[in-house]
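Peer 1: Dropping a prediction and its sequence here:
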Amino acid sequence: MITYKKLLYALKINWIHLVGFYVCIEIMMIAFAIPDLQQDHNWQNFLGKIIISAPFLMLTYGLLLVVLFFVLIVLLDVICFSTIKLSPLYIIVVEWLIISPVFIYWAFKYEYWLWIALVASFLVTQIIKGRRVIQDEG
């Protein structure tokens, strides 16, 4: 049975994905800005791009995606961890396999490679989350 306590736990362990996505976007904004820095040698422009671009991208263009992703991953956690009695590692891998193909598809469809970086970020944060779940169960 799905309880309020399980929902709160899922919210508590999934914040790591938001942090991971933000860090990933910052790193990619730096990588995207480096060619401009090499061409212009304008540090103010470079710093402006990396400091302003990532939060702007995540909170405008990416806000709907982030909210939908977060709701989906929390629902998957609540359903999988409360109804399916499999190992946390298995559940985490299955969640990653369910969500990642969508990001990979978008990367190739729109030729925007930030999606591939987000898949890698999602894998890393899933591993961190998995360790946390195993630690909490033990």
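Peer 2: In hand now; what should we look at?
Peer 1: how distant is the helix or strand that contains F21 from the center of its chain?
Peer 2: According to DSSP states H and E, F21 maps onto helix 4-40. Mean C-alpha position of helix 4-40 versus that of the full chain (Cα atoms, centre = their mean, to the nearest Å) differs by 6 Å.
Peer 1: could you point out which element follows that helix?
Peer 2: helix 43-56.
Peer 1: In that following helix, which residues are buried?
Peer 2: Residues of helix 43-56 classed as buried: F46, K49, I50, S53, A54 (neighbour count, 16 or more other Cβ atoms under 10 Å). (Each C-beta comes from the backbone N, C-alpha and C, glycine too.)
Peer 1: Could you check the angle the helix or strand bottoming out on mean pLDDT in the chain makes with helix 4-40?
Peer 2: Least confident helix or strand, the chain: helix 43-56 with a mean of 78, by mean pLDDT, DSSP states H and E. When axes from the mean of the first three to the mean of the last three Cα atoms, to 10 degrees is applied, the directions of helix 43-56 and helix 4-40 differ by 160 degrees.
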